[in-house]
Structure formats: C-alpha cells, structure tokens
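K.L.:
Okay, predicted coordinates and the sequence, questions at the end:
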Amino acid sequence: MSLPKVLFLIEGNTDIRFVTGLSEICQLTMAVPARNYSSSDLKDRVIASGAAVNVKEIPGGRLRYQLASMLYLLRHAKEFDLILCQEVLRGALNGTVIGALSGTPTMTYMAIAPVEYFRCRRTRGQIGPIKAWVGEAAIRSMMTINGMLATRCIALGRYLQAVARPYCTRTENGLYYGVDTGLYRPATENEKLRLRQDLNLPAQKFVIFLSSRISHEKDPETVLEAAALARQKGLDAVVINLGGGYKEFLKLARDLQLKNAEEWVLGRPAAHPMKDLVNYYQAADCVAQASLEEGLGISPLEALATGTPAVCTAVGGLNNLNGYARLTPKRDPVAMSEEFLWIAANPDQARAQALAGREYVVREWDRKKAFSDLASIFEQVICERRARAEKPYA
C-alpha cells in the first residue's frame, strides 16, 4: 500500500524533527513562506537531512502569502489525500476553507494555546487593552471557523486537547515529533565530564540549561533571578541558553542587573536538535523551563529522557510532569532557586526522579509512537473520505 499524499501547510517555521518524521509516514509536500524558509535554518536542515520532501516556496509577506497560498491550494488541493495545517489560526484558514470546498480532508495541528499565549503579550505590556481585546476576538473567530471546517484537530498533549475541543469536537491527542529516546539517553559521569570539555562548559560548576526560545510566553527572568538567588546561598551555578534569541537572553541578564552576570550567564546559537542538542542536556545538572503559559514543554521531556532533572513552572501542559519534574509556582524565583539548591544537595534522589521521568517519556512520548499514532490518524481520515465517496447519499 502506497503512502498517502500529504500537503503540510506551514505559516512560519517548523521543526526539522517533525518534517523528517512526516516524510517517513507519507509522501510529503510542504508549502512554506519563501522568505521565512530561506532566512531560517529550516531550508539547510531539510537539504542536509536527505528527507524525501517536495517543497513549494510561496512568495510574499503576510498578506501576499495568504493570497498566494490560497491560489496554490485552489489549484492543487485535490492532488492530495490530506492537507495538514500548522496550528489553528490564520495560516490554517486557507487550508480548512479550500479543503472543505474541494472535499480534501484537512487536519489542523495545535501545539500552543493560542488565546493563552496571546494574553502573555498583554501581561508583558507589549500590547494595550484595545489591541488585546481585538486580537483575542480574532483568534477565537479563527479557531471557531477552523474547528468547524477541519476534519480533525490534533492537539499536543492532554492539556491542549482540552483547549481545542470546545472549538473542534473531533480533536485527538498528538505527540508532535515526540522524543527520540535512543538519541536522548542518560550519560555516565565520565561522558558528562567529557561533554563539558567538548562544549567548553565549566567542569565543576552547577550547570542550568535553559533550552527554550526567548519569547513572550516564556519567563527567562525567573530562571535568571532564581539562579542568582541560589548563587547567593553558595551554589556555584551557571545558566546557558541556546537558540536564535540567545543575544536577547544575554541582554536580559544585563538589564536585570544581576551581580557578575557576565561570568555565569552564557548564550550560544541553536544546536541541531537531531545531532548536537542532546549533548547539552547530558552535560547539564538540571534543565529549567519557566513559562507564563505552556502548551506542553518538550524541552523538559527531552531532559528527563537523558536522566537530567527538570525544574518547571506549574502552568499549562507542564502540570502533566508532576512527579517527574520539580514544579514551582509561576513567577516565583525563590521557589525555583530552592529547587536548584535541592538538586545540588540531593543529586542521587534528583537523578532517580529524572530516570523515573525517562520511563514515562519512553512509554508515552517516544518518537516512534508519535509518528505511528499520527500515521494511524491519517489512515483513518483518508478511509472515512473514501467511504463517503462510495456512499455519497448514505
């Protein structure tokens, strides 16, 4: 049986791990914004991966791309067995509308909580009350329309399932790209020391790894302030962030006027998630994930897969890690600093908790399971379409 023909409609950027996994379960075509695709590292990573992907680069900024992608869909939607839309907002709207008109099954994939993430902008003072009200109304409208028209909505984890279901009753749980638990594995103490040397990380310090991007829904301030408090209590800690926003992270440390921040706050460009990123997890003493809102939190899952303790804000989907990660209240650097100190004082207990978390990740979030489950949903949706075509008046 041949693999289904799937069009992945991308609004901005996406993760190479999801692209390579999709390419294994379907004949994949990606429709991408040409400008973003070229300026990001996705294009180079797709080429380097050798994945069987047909890429359609669609030109234009936001409005032109919206129109051009709609015209592309009008011409080509019927060539595919399924249209997969990134998220549930503006980028998905063309897919769900044209999918409904053409009779092509369309799936949306929710990996963030749209309203809750947008509200973080207001929390941070980035937008005023009028823009906040108009923006939230627009988001809810798009979620409603897409939810009505989509054949399925796939939501990343149980928390986002609950967020999505009021808009789309046909919502199912998805694992996105999951965690490659073969690659993301625990390291021995000797391996950890060697990795620190290779990565030019201090061998004897307490290394806190902040893997997440720097954006409005994240809370790097709390991680930095917590590390500073722990240092005041005698923990010789350093914090390192990887990602496209690492310069913003370094600037944030300066803006917070943390004592001697230039000595213990580190930032570097993003590491390849299928090759080099795992080394930082294995080399760290703990991973910190502080957020104002979080749909799931794959970084803590990756940390636990390597047996590295994770300290996270108890918000959104991160609450599902209770018992495996060390959870703290939102915007509470004192509580987070106490967890850093506890891990440093109780390394064996912290490691045992993280390894229990690895068992959870292997059982519930393994990469193979993620794409096997998604392939099954593809097959189900396509079979339903065929059944309707054979019995149009049933």
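P.N.:
That came in fine, so what should we check first?

K.L.:
centroid residue for the chain?
P.N.:
By Cα atoms, centre = their mean, the chain has its centre lying nearest to residue 298, at 5.9 Å.

K.L.:
Test my guess that that residue contacts residue 179.
P.N.:
Yes - with contact defined as Cβ atoms under 8 Å, residue 298 reaches residue 179; the gap is 7.1 Å. Glycine gets a C-beta too; all of them are placed from N, C-alpha and C.

K.L.:
residue contacts, residue 328?
P.N.:
Residues in contact with residue 328 (Cβ atoms under 8 Å, 6 or more residues apart in numbering) are 311, 312, 313, 314, 335, 336, 339.

K.L.:
so which of those residues would you say is closest to residue 346?
P.N.:
Proximity of those to residue 346 (Cβ to Cβ) peaks at residue 339, which lies at 10.5 Å.

K.L.:
Tell me which residues are up against the helix or strand harbouring that closest one.
P.N.:
Element membership of residue 339, judged by DSSP states H and E, is helix 333-345. For helix 333-345, the surrounding residues in contact (Cβ under 8 Å, 6+ apart) are 206, 208, 221-223, 225-230, 233, 235, 237, 285-286, 288, 290, 309, 311, 326, 328-329, 350.

K.L.:
So which bits of that helix are buried?
P.N.:
Buried positions in helix 333-345, judged by neighbour count with 16 or more other Cβ atoms under 10 Å: 333, 335, 336, 337, 338, 339, 340, 341, 342, 343, 344.

K.L.:
and that helix, what's its mean pLDDT?
P.N.:
The pLDDT scores in helix 333-345 average 98.

K.L.:
likewise stretch 33-52?
P.N.:
89.

K.L.:
do the same with stretch 373-380
P.N.:
The model assigns stretch 373-380 a mean pLDDT of 97.

K.L.:
again with stretch 117-137
P.N.:
96.

K.L.:
what do you get for stretch 101-113?
P.N.:
Mean predicted lDDT for stretch 101-113 stands at 96.

K.L.:
Any idea how far apart the tips of that stretch sit?
P.N.:
This stretch, stretch 101-113, spans 27 Å end to end (Cα to Cα, to the nearest Å).

K.L.:
What residues of it count as buried?
P.N.:
Quick answer for stretch 101-113 (16+ other Cβ under 10 Å): 102, 104, 105, 106, 107, 108, 109, 110, 111, 112, 113.

K.L.:
and which of those residues is nearest to residue 155?
P.N.:
Distances from residue 155 to the buried residues of stretch 101-113, taken by Cβ to Cβ, are shortest for residue 110, at 4.6 Å.

K.L.:
Next, give phi and psi for the closest one.
P.N.:
phi -90, psi 120 (degrees, to the nearest 10).

K.L.:
picking up where we left off before, give me the subset of the buried residues of stretch 101-113 lying in helices.
P.N.:
The helices, defined by DSSP state H, take in residue 102 from these.

K.L.:
So what's the residue count around the nearest residue to residue 127 once chain neighbours are set aside?
P.N.:
Nearest non-adjacent residue to residue 127, counting by Cβ to Cβ, 6 or more residues apart in numbering: residue 121, 4.9 Å away. Residue 121 is flanked by 17 other residues according to other Cβ atoms under 10 Å.

K.L.:
In which helix or strand does residue 121 reside?
P.N.:
helix 114-123.

K.L.:
Would you mind confirming that residue 61 makes contact with residue 36?
P.N.:
No - Residue 61 lies out of contact with residue 36 (Cβ under 8 Å); the separation is 10.1 Å.

K.L.:
Looking at the two, which is more packed in?
P.N.:
residue 36 (17 against 9).
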